[in-house]
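Novice: From the sequence below, what's the structure:
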Amino acid sequence: MLDQFFSQISFVDVFNFCVFIAFTICYTYQLYYVFVVLTRKPRELVAKRNHKFAVVVSARNEAAVIGDLIHSIKVQNYPSELIDVFVIADNCTDDTARVAREAGATVFPRANDKEVGKGYALDYGFQVIREQYADRGYEAYFVFDADNVLDVNYFREMNKTFDNGAVASTSYRNSKNYDSNWISAGYAVWFLREAKFLNQARLTLNTSCAVSGTGFFVAADIIEKHGGWKWHLLTEDIEFSASSILEGRRISYCPTAILYDEQPTTFRDSWNQRFRWAKGFYQVFWHYGARLAKGIATNPKGSRFACYDMLMTIAPGMLLTIVSVTFNAIILALASMGLMSTGVMVASSVSSIFFCLMNYLVFMFMFGVLTTFVEWDSIRSTTGKKVLYMFTFPFFMLTYVPIALVALVKKCKWKPIQHSISVDVSEFSEAAADAHKRSL
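Specialist: Residues are numbered from 1 along each chain as shown. Next up is the predicted model:
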């Protein structure tokens, strides 16, 4: 009987089972993160003193939104003399530099069509600051994108994290335009999930978080040690995170520092942006993957799990889905051409493709529902749209599959994402911030 059972198992079944086991082993720990967030609250911090900070913003043709960011910094519930704002007007062809200056920022124009990307622009800005403003005694540098708007208590809360010893920290990332459409909502839910169910869990468990694009600070000592911003891959934020973890630094997270970010609303912009991210993750994996794997065993005990967590973050987990679907699609193609006639294998391939895609959709739906309900009061939208976008979120995430596949074989050039949604910080009411803090 047992022999008959095993005789029915094809190598297709074995392959798909191995992929499933690999995926389960790699990512089940993130379910524990959910349990941690739902059962434990992060420690409340108190600052003994206020520190001196510099804000560094890389902006390319951001005249429509840069003024709102600078205004939200100028009205912070934090001593204004302790915050200086620097804007790198990177290859701009609009009025970004003028708008930034009029809003109160110091502007560094940059024209360089050879070294293109945020990482290079940040490096240029840090070089100028270190050369011309070294006497101002900045203790840490904040990095924002031009389309961001900050809650009025952002710097007060981040100062608590810095004062308690963090050398780098990210913050809570909300959205300016969750309810624009299903694309912007998909981004918003993903970043809320990242803040709540990844970084907050890491903070609570005292392991390292990861910087995600915008809304973070880096201690001045780190910039001095590296001689500027020396992370220039397509996803310089993830590269910085991987590099920091390998060097034994812990990136913190401040759940009470709230940043509002503008999300793309067209599929073309979304494709271009996520294609760059996918390509950048592959780059980071190629450059740092082996060292992170080694660090799991050789790093100091306090950072070994952080190496594993970061390895799983940059590892092309999406490829497991792609590999499984592609493999089974090849089996079906061979069968359709008459090159393979094993009915059991064909049936296994069909069921495996269906199971793989449905599993992915169900998993993403569950995370979308969980994130939306937990962060319900923090999401600026109607009840109807919140419910609707819980159902569209899995399909937004499914579009990552072709993006990740194309990123494997196609070169990527940096393309700007247009931002045009101008908002005042007063539009984000204190009630929303209070609701978020009550959810912690």
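
Novice: what residue ranges in the stretch 201-350 of the chain score low on pLDDT?
Specialist: Along the stretch 201-350 of the chain, segments meeting pLDDT under 70 span 316-350.

Novice: in it, which spans are helices?
Specialist: Using DSSP state H, counting those that start in this stretch, the helices assigned to the stretch 201-350 of the chain run over residues 220-226, 236-246, 267-298, 301-314, 317-336, 343-374.

Novice: Comparing those helices, which comes out most buried?
Specialist: Neighbour counts (mean count of other CB atoms under 10 Å) averaged over each of those peak at helix 236-246, with a mean of 24. Any C-beta I mention is one placed from the backbone N, CA and C, and that applies to glycine too.

Novice: how distant is that one from the center of its chain?
Specialist: Here helix 236-246 is found 12 Å from its chain centre; the criterion is CA atoms, centre = their mean, to the nearest Å.

Novice: Run the angle between that helix and helix 267-298 for me.
Specialist: Relative orientation of helix 236-246 and helix 267-298, computed by axes from the mean of the first three to the mean of the last three CA atoms, to 10 degrees: 10 degrees.

Novice: just use 108 as the starting number from now, easier for me
Specialist: Yep, numbering from 108; the last one is helix 343-353 now.

Novice: So what touches helix 343-353?
Specialist: With contacts defined as CB atoms under 8 Å, 6 or more residues apart in numbering, helix 343-353 is touched by 224-226, 229, 275, 315-320, 323, 325, 329, 336, 338-340, 358, 387-388, 390-391, 394-395, 398-399, 402, 406, 410, 413-414, 417, 420-421.

Novice: hey, where'd the strands end up in the stretch 158-307 of the chain?
Specialist: Taking DSSP state E, counting those that start in this stretch, the strands of the stretch 158-307 of the chain run over residues 160-166, 190-197, 213-217, 247-252, 256-257, 275-282.

Novice: Now do the buried residues in the third one.
Specialist: Right, the one you point to is strand 213-217. Buried residues in strand 213-217, counted by 16 or more other CB atoms under 10 Å: 213-215, 217.

Novice: can you list the residues that contact the longest strand along the chain?
Specialist: Criterion DSSP state E: the longest strand present in the chain is strand 359-368. Residues outside strand 359-368 that contact it (CB under 8 Å, 6+ apart): 149, 251-252, 254-258, 260-262, 264-265, 267-268, 273, 275-283, 298, 302, 306-307, 309-310, 316, 321-322, 530, 535, 540, 543-544, 547.

Novice: Pull up the pairing partners for it, direction included.
Specialist: Sheet pairing of strand 359-368 (DSSP bridges) gives strand 256-257 (antiparallel), strand 275-282 (parallel).

Novice: got a list of what the residue nearest to the spatial centre of the chain touches?
Specialist: For the chain, the residue nearest the mean C-alpha position is Ser319 (3.6 Å; CA atoms, centre = their mean). Residues counted as contacts of Ser319 (CB under 8 Å, 6+ apart) are 277, 280, 298, 301, 344-345.

Novice: can you give me phi and psi for it?
Specialist: Here is the backbone geometry of Ser319 (degrees, to the nearest 10): phi -130, psi 80.

Novice: Next, find the distance separating it from Ala422.
Specialist: 17 Å (CB to CB, to the nearest Å).

Novice: Likewise for Leu353?
Specialist: Leu353 is 15 Å from Ala422, by CB to CB.

Novice: Out of the buried residues of strand 213-217, the closest to Phe374 would be?
Specialist: Comparing the buried residues of strand 213-217 against Phe374 with CB to CB picks out Arg217 as the nearest, at 30.4 Å.

Novice: Quick check, the closest one in contact with Ile195.
Specialist: Yes: under the criterion of CB atoms under 8 Å, Arg217 makes contact with Ile195 at 5.4 Å.
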